[in-house]
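Participant: how does the following fold in three dimensions:
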Amino acid sequence: MTKYNYRSKRLQQAKKSFLGRSFLISIILNILLLYAFGSLISFDFSNPITKEELVLVSLIELPAPQKPVSIKPEIIEEKPIAQLEVSKKVEPISPEPPSIKEEVTETKVAERKEITQGTPKVEVKTPQIETTPTIAQTPPQTNQILGEEINIAEEYLKQSLASRKEVRGEVIEPGESTIKAELGIKGLERTEATHGTVINPGEIAQLPETKEKESPYGRRPLSVMIENSEGARPQAGLDKANIVYEMLAEGGITRFLAVYFENEAEVVGPVRSARPYFISKSLEHQAIYVHAGGSEEAYNFIVAEKIDDINEFINFQPFWRSRDRNPPHNLYTSTVELRKEAQKLGFLEMMEKEDYQFKTDRNEILRGKTVTSILIPYNRLYKVTYQYQPETMKYLRFINDEPHIDAKTKKQIQVDNVLIQFADTKVIDEEGRLSINLVGEGKGLVFFKGGSEEIIWKKVDLKSRTSFFDQAGNKIVFAPGTIWIQIVPSEIIIEY
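Facilitator: Predicted coordinates:
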């Protein structure tokens, strides 16, 4: 017990001594902190500031700044820039409407006096015109001289109506009509003009019916040389051509001249070189001739006749070569790209349709025998056949008894009209190039709608169109659609 109390006393004494030391240490630390802080104060009590170092600062209230005043320069002499006179707006004076006399319709007085239950009867009043409409005289039209310079009258022909004229009880406002003239293209032989009906004031006339008239002008045709050797088949774009000529070339095989004036073909080819007699057929339609090179005679022809042509050897942009065939059977073009090139070259784009199209009529009937098959033996290695399809009234085309297929559509070519033209043909050089006489007169055959007829063809000179006539001398009219013209040597016998 005694031992425990002794230890507790010792612990209490130790705590007191520790607290005393801690208190003393805290006092010393506070003194040091105060000393350090005092040295940071600018005012030192031990070293007071001298009078020289003292600066008297006084606050002065400054007045607010005044807004700057711009001084307007003095104008010595005032000169007006412009004089503008504005007339006073005149209010339009509307004429007073004509007085209308009221006339009571013939109605029985007894019926008028009757009063029935419901809505009362309304008296019908018919307006009566007191004045009769007058016809305004049109001023004489000045003379117009048509020629190199066309003088148009200074004043338009006017139909002046009296203010608020009455026409059969209806009131119409004053009006004015003008003459509009459209001048034709300079240099053309035929010019279209419009016509109408002149209605005098005070009259009510029935306007003529509007009828659509087909324009006599159309796009200029494109004629493309297309190869027909075995390596070139099947061709592309022949099914889109409006007219196709087929003629012999050297080697006993034929080539095509495809003429496009309405349809477009995305792919046409393979394109091959020019020959003079193909150029002559292109010239008949005033077409832009498309080819890839040509014989010396063909080049001389193009220069002599000033033919508008697009040659792959010179104009490369509208042409390309495919990779699925070997050259020279892989050159192709497009009618869309050809027309762009023709525009760049400045070729004429529009012309009259009669200069390149054949006349057609749906009701035309041939007087010969009915034909279902046509055989054209160009030679023993190459023959063309057409088979008539009554349900479509078209002819399916065959080459050496094989269907003639279009490379793009994969469909057999169908034709609406088949025309055979016999022409004198001869070889002119060692390479087998030919001369075909297409000027003068000769025999032929025509087939459409399952019928046939013997015809005569005539061509006056190189630039004139070939015309086709029946035995009585009447001009042949074809069925609407495509026309394939087979030009064959005179000695060939056609089987049909």
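Participant: next, count neighbours for residue 388.
Facilitator: For residue 388, the neighbour count with other CB atoms under 10 Å is 22. Where C-beta positions appear, they are placed from N, C-alpha and C, glycine not excepted.
Participant: what about residue 339, which SS state?
Facilitator: helix (DSSP: H, G, I helix; E, B strand; the rest coil).
Participant: residues touching the nearest residue to it once chain neighbours are set aside, list them.
Facilitator: In space, and not counting its chain neighbours, residue 339 is closest to residue 222: 7.2 Å by CB to CB, 6 or more residues apart in numbering. For residue 222, the contact set (CB atoms under 8 Å, 6 or more residues apart in numbering) comprises 259-261, 287-288, 290, 335, 338-339, 342.
Participant: neighbour-wise, which of the residues you listed leads?
Facilitator: Neighbour-wise, those (other CB under 10 Å) top out at residue 290, 30 neighbours.
Participant: for that one, which non-adjacent residue is closest in space?
Facilitator: Residue 290 sits nearest to residue 224 (CB to CB, 6+ apart), 4.3 Å away.
Participant: so the one you found is in contact with residue 268, correct?
Facilitator: Yes - between residue 224 and residue 268 there is a contact under CB atoms under 8 Å: 5.3 Å.
Participant: low-confidence stretches in this structure?
Facilitator: Where the chain drops to pLDDT under 70, the residues are 1-20, 34-214, 355.
Participant: residue 465: how many residues sit nearby?
Facilitator: 15.
Participant: from residue 348, how far off is it?
Facilitator: For residue 465, the distance to residue 348 (CB to CB, to the nearest Å) stands at 18 Å.
Participant: could you pull out the helices for the protein?
Facilitator: 2-40, 109-113, 276-284, 296-304, 335-344 (DSSP state H).
Participant: what residues sit buried inside the fourth one?
Facilitator: Neighbour-count burial for helix 296-304 flags 297-298, 301-302 (criterion: 16 or more other CB atoms under 10 Å).
Participant: now do the same contact list for residue 311.
Facilitator: So residue 311 contacts 291-294 (CB under 8 Å, 6+ apart).
Participant: out of these, which is nearest to residue 389?
Facilitator: The closest of the contacts of residue 311 to residue 389 turns out to be residue 291 (CB to CB; 33.5 Å).
Participant: what's the residue nearest to the closest one when sequence neighbours are not counted in contact with, if anything?
Facilitator: Nearest non-adjacent residue to residue 291, counting by CB to CB, 6+ apart: residue 274, 4.0 Å away. By CB under 8 Å, 6+ apart, residue 274 lies in contact with 225, 289, 291, 293-295, 298-299, 301-302, 309.
Participant: mind listing the residues bridging to the residue nearest to residue 339?
Facilitator: residue 260, residue 288 (DSSP bridges).
Participant: so how far is residue 21 from residue 28?
Facilitator: Where residue 21 is concerned, residue 28 sits at a distance of 11 Å (CB to CB).
Participant: ok, residue 468 touching residue 456?
Facilitator: Yes - counting by CB under 8 Å, residue 468 does reach residue 456; the two are 7.4 Å apart.
Participant: between the two, which one's more packed in?
Facilitator: residue 468 (19 against 15).
Participant: number of residues surrounding the residue lying closest to the more buried one once chain neighbours are set aside?
Facilitator: Closest residue to residue 468 apart from its sequence neighbours, by CB to CB, 6+ apart: residue 476 at 4.2 Å. Residues lying near residue 476 (other CB under 10 Å) number 21.
Participant: correct me if wrong: residue 476 contacts residue 446.
Facilitator: Yes - the pair residue 476 and residue 446 qualifies as a contact (CB under 8 Å) at a distance of 6.0 Å.
Participant: which residues do the two both contact?
Facilitator: 453, 455, 468.
Participant: tell me the one of those residues nearest residue 438?
Facilitator: residue 468 (13.0 Å).
Participant: and the residue nearest to residue 468, what is it in contact with?
Facilitator: Per CB under 8 Å, 6+ apart, neighbours of residue 476: 446, 453, 455, 468-470.
Participant: mind giving me the PyMOL command for buried ones among the residues you listed?
Facilitator: To isolate the buried ones among these in PyMOL, judged by 16+ other CB under 10 Å, type:
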select buried, resi 446+453+455+468+470
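Participant: for the contacts of residue 476, which one is nearest residue 412?
Facilitator: Nearest member of the contacts of residue 476 to residue 412, counting by CB to CB, is residue 446, at 22.0 Å.
Participant: count of neighbours near the residue nearest to residue 290?
Facilitator: Residue 224, neighbours per other CB under 10 Å, totals 27.
Participant: these two touch, right, residue 383 and residue 397?
Facilitator: No - counting by CB under 8 Å, residue 383 stays clear of residue 397, with 11.8 Å between them.
Participant: ok, the two, which is more surrounded?
Facilitator: Counting neighbours by other CB under 10 Å for residue 383 and for residue 397 shows that residue 397 has the greater number, 22 against 15.
Participant: kindly state the beta-bridge partners for that one.
Facilitator: residue 386.
Participant: what distance do you get for it to residue 472?
Facilitator: For residue 397, the distance to residue 472 - CB to CB - is 30 Å.
Participant: again, but for residue 452
Facilitator: In terms of CB to CB, residue 452 sits 16 Å off from residue 472.
Participant: let me see the contact set for residue 432.
Facilitator: Contacts of residue 432 (CB under 8 Å, 6+ apart): 250-252.
Participant: ok, now how distant is residue 221 from residue 335?
Facilitator: 10 Å.
Participant: identify the contacts common to those two.
Facilitator: Joint contacts of residue 221 and residue 335 (CB under 8 Å, 6+ apart) are residue 260.
Participant: what's the neighbour count on residue 230?
Facilitator: Neighbours of residue 230 (other CB under 10 Å): 11.
Participant: any idea how far it lies from residue 325?
Facilitator: Counting by CB to CB, the gap from residue 230 to residue 325 is 12 Å.
Participant: cool, residue 415 as well?
Facilitator: Taken as CB to CB, the span from residue 415 to residue 325 is 25 Å.
Participant: those two - which one has more neighbours?
Facilitator: residue 415 (21 against 16).
Participant: who's in contact with the more buried one?
Facilitator: 386, 394-395, 397, 481-484.
Participant: are any of the residues you listed buried, and if so which?
Facilitator: Using 16+ other CB under 10 Å, the buried ones in the contacts of residue 415 are 386, 394-395, 397, 482-484.
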